[in-house]
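S.K.: model this:
(2 chains)
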Amino acid sequence: MSYLEIDHVTKLFPAAEGGGEVCVFRDVNFKIEQGEFVTMVGHSGCGKSTLLNIIAGLERASGGGVVLEGREIRRPGMDRMVVFQNFSLMPWMTVFDNIRLAVRAAHPDWHRTNVDRFVQRYVDMVGLTGAERKRPAALSGGMRQRVGLARAFSTEPKVLLLDEPFAQIDALTRGVIQDELVRMWTASRSTVFMVTHDVDEAIVLSDRVALMTSGPEARLAELVDVKLPRPRSRAALIDEPEYLRLRTHILRFLVHGARSGPGEEPRGLPEDARETTRLGDPTAPLTSAASQA
Amino acid sequence: MRRDRLRVIAVSALLGLAALLVWQAFAGGQPAGRGVPGPLAVAATAGHMLANPFYNNGPNDKGIGLQLAASLARLGVGWTVASVVAIMGGVALGLSPTLYRAVNPYVQVLKPVSPLAWMPLFLYTIKDSSQSAILVIFMSSLWPTLANTAFGVATIRRDYLNVAAILQLSWWRRLVTVILPAAAPAIVAGLRISIGSAWVAIVAAEMLIGGTGIGYFVWNEWNNLALTSVIFAILAIGLIGVLLDAGLSRLSRRLAYTE
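M.R.: Numbering: from 1, shown residues only, chains lettered A, B, ... in the order given. Down below sits the predicted model:
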């Protein structure tokens, strides 16, 4: 049994017009091992952020389910922390208080001085020493996401979910914060699932890259192993043939292969089959049953 | 910026002075003892009243300070209780779209009712004029805070609630650390409108109940045909209104945040 199982997950949304439902992605099925860093890459609309929200427990799957350590995920929990694209820091709280909110939630029985010392450790870890009393609005995008990472890591979650965490950060700062992320991930040995548009980012950071076809009716097309030795340095990777091979492979997929055209697989299911899926596909493995396996 | 400010102050002072001159000229042209008193007469009365604002010579003869204090006490009780009720109700309405839409028609019907229309009902049921006045203040302070709180809570960004859900905050911590601070700017805007309309309503309420308060004072001075006192009371009411609003404006600046 794997650590984190994405078990035949399907997501349907109510259609914008004319009733009925639109399938964002169908039957996404893969497993993540403990301590692994897996990134999902795909075009906008393939539902990768939706899948991340399902793992977080913020949204429910329409079919299938997600199993963490043998338990099906039904609601949000402290074992899975999310780092959001738009940072989602509380704007009325200082940097310190934002992280403190998470630490207190993780350790309700801790004494105040203990909590504060712990918070300070994470403030220092992401290089925000001196900015503790600032509010998020006074910080740059890069610094805000440092707070976001510190908040997530400070609860020592089992799984870290990163939803395009570097998309709103300028290119120069991005690399620095990515390195910080790798350092914190290495130290914490938590399991990471990230979603991104950025192919280089996916290769530099990940152990495996999951490629999604375009939505609607997106599918998981391929899981690419990234067999580059760690620690990885950006400078050294530029000349690494394996890096270039992976990069070309993924880019080619995104340019040509992401559209599931004719000749590949039939695009979606016939109309009547779609109806059954909405009510729960009887042929798909039931997550509760799968979790017992 | 500084020059602009100076210009505004100069224009404002000139307009005020001009208004006073016109008023004085108008009042001076009338036969003595009749017509509207001029600013000089009002100033004389004001000086007299402010020299000893807290004297108490029985029910019909109290200093203006005592009368204002009585009104402010009623306002404080009525507005505070109404604000607590309105914020609690508003949070409930803001968190539940169903409840919001179910309750909204009743609120819409009750909101335009003048708080004074409730007065006979209060007098009949609780048989105490002073408490009835407080309830009038309560009614006048309720709706703006209720509506603003419900709006503020309903429009809290989903992200903040998601973070609260992931951190599995208890409902109390969620309320205190996320919901109320996030909605605070809208809530304080409601509190400001409420205290303004409550201060407007209290003068009329006190005219009706009699006894104490600045509204009663105005009515009593009218019965004495002491128009200088009436005019001074109008100015005092306006000034207190400005101070009340300024206090909440400071609170609003403290609770404001930029996303």
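S.K.: residue contacts, A:Val82?
M.R.: A:52, A:56, A:58, A:152, A:161-163, B:162, B:166 (Cβ atoms under 8 Å, 6 or more residues apart in numbering or on different chains). The C-beta positions use only the backbone N, C-alpha and C, and glycine is treated the same way.
S.K.: go on, A:Ile6?
M.R.: A:28-32, A:51, A:55, A:64, A:66.
S.K.: which helix or strand contains it?
M.R.: strand A:4-14 (DSSP states H and E).
S.K.: partners of that strand in the sheet?
M.R.: In the sheet, strand A:4-14 lines up against strand A:21-32 (antiparallel), strand A:63-68 (antiparallel) (DSSP bridges).
S.K.: buried residues in the longest one?
M.R.: This points to strand A:21-32. By 16 or more other Cβ atoms under 10 Å in any protein chain shown, the buried positions in strand A:21-32 come out as A:23-28, A:30, A:32.
S.K.: can you redo those as JSON lines with pLDDT?
M.R.: Shown next, in JSON lines, are the buried residues of strand A:21-32 (pLDDT from 0 to 100):
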{"residue": "A:Cys23", "pLDDT": "91"}
{"residue": "A:Val24", "pLDDT": "92"}
{"residue": "A:Phe25", "pLDDT": "94"}
{"residue": "A:Arg26", "pLDDT": "93"}
{"residue": "A:Asp27", "pLDDT": "94"}
{"residue": "A:Val28", "pLDDT": "95"}
{"residue": "A:Phe30", "pLDDT": "95"}
{"residue": "A:Ile32", "pLDDT": "96"}
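S.K.: so can I have a markdown table of the residues you listed showing distance to B:Phe151?
M.R.: Shown next, in a markdown table, are those (distance: Cβ to Cβ, whole Å):
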| residue | distance to B:Phe151 |
| --- | --- |
| A:Cys23 | 35 |
| A:Val24 | 32 |
| A:Phe25 | 36 |
| A:Arg26 | 39 |
| A:Asp27 | 42 |
| A:Val28 | 39 |
| A:Phe30 | 43 |
| A:Ile32 | 42 |
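S.K.: with those in mind, which one is nearest to B:Leu110?
M.R.: Nearest to B:Leu110 among the buried residues of strand A:21-32 is A:Val24, at 44.3 Å by Cβ to Cβ.
S.K.: how about the closest residue to that closest one other than its chain neighbours, phi and psi?
M.R.: Closest residue in space to A:Val24, ignoring its immediate chain neighbours: A:Gly47 at 3.7 Å, by Cβ to Cβ, 6 or more residues apart in numbering or on different chains. With angles defined as degrees, to the nearest 10, A:Gly47 sits at phi 90, psi 20.
S.K.: ok, back up a step: give me the buried subset of the contacts of A:Val82.
M.R.: So, by 16+ other Cβ under 10 Å, the buried ones in the contacts of A:Val82 are A:52, A:56, A:58, A:152, A:161-163, B:162, B:166.
S.K.: in the chain, what residue spans correspond to strands?
M.R.: All of this refers to chain A. A:4-14, A:21-32, A:37-41, A:63-68, A:71-72, A:80-83, A:159-163, A:191-196, A:208-212, A:220-225 (DSSP state E).
S.K.: so which of those strands comes closest to B:Gln67?
M.R.: strand A:80-83 (58.5 Å).
S.K.: strand partners (parallel or antiparallel) of that closest one?
M.R.: strand A:159-163 (parallel).
S.K.: ok and the strand it pairs with relative to strand A:191-196, angle-wise?
M.R.: Strand A:159-163 and strand A:191-196 meet at an angle of 10 degrees, taking axes from the mean of the first three to the mean of the last three Cα atoms, to 10 degrees as the criterion.
S.K.: B:Trp219 versus the residue nearest in space to the middle of chain A, what's the distance?
M.R.: Nearest to the mean C-alpha position of chain A, by Cα atoms, centre = their mean, lies A:Met194 at 3.0 Å. Here the criterion is Cβ to Cβ, to the nearest Å. By it, A:Met194 lies 72 Å from B:Trp219.
S.K.: starting at the chain centroid, how far to the one helix or strand B:Asp245 maps to?
M.R.: Here B:Asp245 sits within helix B:227-255, counting by DSSP H and E. Here helix B:227-255 is found 8 Å from its chain centre; the criterion is Cα atoms, centre = their mean, to the nearest Å.
S.K.: low-confidence ranges, chain B, go.
M.R.: Low-confidence segments of chain B (pLDDT under 70): B:1, B:31-34.
S.K.: list the contacts for the residue of it positioned farthest from its centre?
M.R.: Here the centre of chain B is the reference, and by Cα atoms, centre = their mean the most remote residue is B:Ile166, at 40.7 Å. For B:Ile166, the contact set (Cβ under 8 Å, 6+ apart) comprises A:56-58, A:76-78, A:80-82.
S.K.: now with 10 Å, please.
M.R.: For B:Ile166, the contact set (Cβ atoms under 10 Å, 6 or more residues apart in numbering or on different chains) comprises A:56-58, A:75-82, A:88, A:102, A:105, A:152, A:155, A:157, A:161.
S.K.: now residue 219: closest residue in space that isn't a chain neighbour?
M.R.: With no chain named, the answer covers chain A. A:Thr213 (5.1 Å).
S.K.: not quite, I wanted chain B
M.R.: B:Met207 (4.5 Å).
S.K.: isn't that neighbour up against B:Tyr216?
M.R.: Yes: using Cβ atoms under 10 Å, B:Met207 is in contact with B:Tyr216, at 6.5 Å.
S.K.: who's more crowded, the two?
M.R.: B:Tyr216 (24 against 18; other Cβ atoms under 10 Å in any protein chain shown).
S.K.: for that one, give its distance to B:Ala133.
M.R.: Distance from B:Tyr216 to B:Ala133, by Cβ to Cβ: 10 Å.
S.K.: same deal with B:Ala182?
M.R.: 35 Å.
S.K.: quick one, which of these two is more surrounded?
M.R.: Legend: neighbour count by other Cβ under 10 Å for B:Ala182 and B:Ala133, higher for B:Ala133 (32 against 22).
S.K.: just checking, that one touches B:Ile214?
M.R.: No: taking contacts as Cβ under 10 Å, B:Ala133 lies outside contact range of B:Ile214: 11.8 Å.
S.K.: tilt between the strand holding A:Ile6 and strand A:220-225?
M.R.: If you take the same axes, to 10 degrees, strand A:4-14 sits at 150 degrees to strand A:220-225.
S.K.: by how many degrees do strand A:4-14 and strand A:208-212 diverge?
M.R.: Using the same axes, to 10 degrees: strand A:4-14 against strand A:208-212 is 20 degrees.
S.K.: in strand A:4-14, what counts as buried?
M.R.: Across strand A:4-14, burial judged by 16+ other Cβ under 10 Å covers A:4-12.
S.K.: common neighbours of B:Tyr216 and B:Ala133, please.
M.R.: Common neighbours of B:Tyr216 and B:Ala133 (Cβ under 10 Å, 6+ apart) are B:70-71, B:205-206, B:208-210.
S.K.: touching chain A at all, the helix holding B:Asp245?
M.R.: Yes: residues of helix B:227-255 are located near chain A by Cβ under 10 Å from any Cβ of the partner chain, namely B:Leu255.
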